[in-house]
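Student: Could you work out the structure for the sequence below:
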Amino acid sequence: MQPESQRIIGRRMSYLLVAVLLLFVYLLQEVENSFPGMDVVFAILILASIYVAGSERKWLAIAVLLAIPTLVLSALSSADEWPPDTLTFIYLGFIVAFVIFATLAVIREVLLADRVTVHTISGAMVVYLLIGLAWALLYIIAEGRQPGSFSFTAVAIQENGASVDLLANLTYFSLITLTSAGYGDIIPLSDSARTLATLEAVLGQIFLAVLVAWLVGKYLSHSESNS
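Tutor: Numbers count the residues shown, from 1 in each chain. Next up, the predicted model:
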């Protein structure tokens, strides 16, 4: 029988992983006027993250404090208009802050796990995807502040619903940068975009080298202690 902490981690990570995967399904679709649906999925991600952070009052309080203005701004901002206005920039900033918080909350749960299980690995997968999501939003902010920060050599950004196309394409760019695939169809041009892309590529390799090695080491340590 697994310890209670393992059962809690497993259930919460499963909910959060489903929410994150559902969010990426929306983000990677170039569908006009899809932002209302994305706002709903962002709300699901926020609620799932609050559930994960609820194991301690301090983390739960921070999650709620970030979630309330984020949800309010999602209703007030016009994220489907491009270039974004000041309110939309603030909304994107709060989403980035919440995604970073969710990443820290999940990695904390992973590191505090009693032993490595499939649920611990699910938590590591969530962290990896949340890093990609945070950088996709940062790329959107960079492009909004300095249009032309990215060169789209193999994709067309429609004038109508341009922010939707940008979000889908920059989410794709974030994931291939995180994995160091680098197909070259989207190229960062501005200094801020190039800096963000470099940091993400380095962070992706550090994640794989450090966290995965830590998980393997903890699994082997637990196996030896039971042998």
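
Student: Please name the nearest non-neighbouring residue to residue 128.
Tutor: residue 207 (6.2 Å; C-beta to C-beta, 6 or more residues apart in numbering). Every C-beta, even on glycine, is put in place using the N, C-alpha and C of the backbone.

Student: ok, how many other residues are close to the one you found?
Tutor: A count of nearby residues for residue 207, using other C-beta atoms under 10 Å, gives 16.

Student: Look up which helix or strand it falls in, please.
Tutor: Taking DSSP states H and E as the definition, residue 207 sits inside helix 191-226.

Student: list the helices and strands that helix packs on?
Tutor: Applying 3 or more C-beta pairs under 8 Å, 6 or more residues apart in numbering; DSSP states H and E, we find helix 191-226 packed against helix 86-111, helix 118-145, helix 162-178, strand 186-188.

Student: can I get those in CSV with mean pLDDT, distance to residue 214 and mean neighbour count?
Tutor: Formatted as CSV, the helices and strands packed on helix 191-226 follow (pLDDT from 0 to 100; distance: least, C-beta to C-beta, whole Å; neighbours: other C-beta atoms under 10 Å):
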stretch, mean pLDDT, distance to residue 214, mean neighbour count
helix 86-111, 88, 8, 19
helix 118-145, 90, 9, 22
helix 162-178, 82, 19, 22
strand 186-188, 92, 30, 19
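
Student: Output the ones you listed as TSV; include the columns distance to residue 29.
Tutor: Shown next, in TSV, are these (distance: least, C-beta to C-beta, whole Å):
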stretch	distance to residue 29
helix 86-111	18
helix 118-145	14
helix 162-178	6
strand 186-188	17
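
Student: Out of these, which is closest to residue 48?
Tutor: helix 86-111 (8.4 Å; C-beta to C-beta).

Student: the inter-axis angle of the closest one versus helix 191-226?
Tutor: For helix 86-111 against helix 191-226, the angle by axes from the mean of the first three to the mean of the last three C-alpha atoms, to 10 degrees is 20 degrees.

Student: Leaving out chain neighbours, which residue sits closest to the residue sitting nearest the centre point of the chain?
Tutor: In the chain, the C-alpha nearest the mean C-alpha coordinate belongs to residue 130, at 2.4 Å (C-alpha atoms, centre = their mean). Distance criterion C-beta to C-beta, 6+ apart; nearest residue to residue 130, sequence neighbours excluded, is residue 103 at 4.3 Å.

Student: What of residue 67?
Tutor: Excluding its sequence neighbours, the residue lying closest to residue 67 (C-beta to C-beta, 6+ apart) is residue 46, at 4.8 Å.

Student: got a list of what the one you found touches?
Tutor: If you count contacts by C-beta atoms under 8 Å, 6 or more residues apart in numbering, residue 46 has them with 63, 67, 70-71, 98.

Student: pLDDT averaged over the helix or strand where it lies, what's the number?
Tutor: If you go by DSSP H and E, residue 46 is part of helix 35-53. What helix 35-53 shows for mean pLDDT is 73.

Student: show me the contacts for the residue nearest to the centre of the chain.
Tutor: 20, 99, 102-103, 106.

Student: Now do the SS call for residue 116.
Tutor: coil (DSSP: H, G, I helix; E, B strand; the rest coil).
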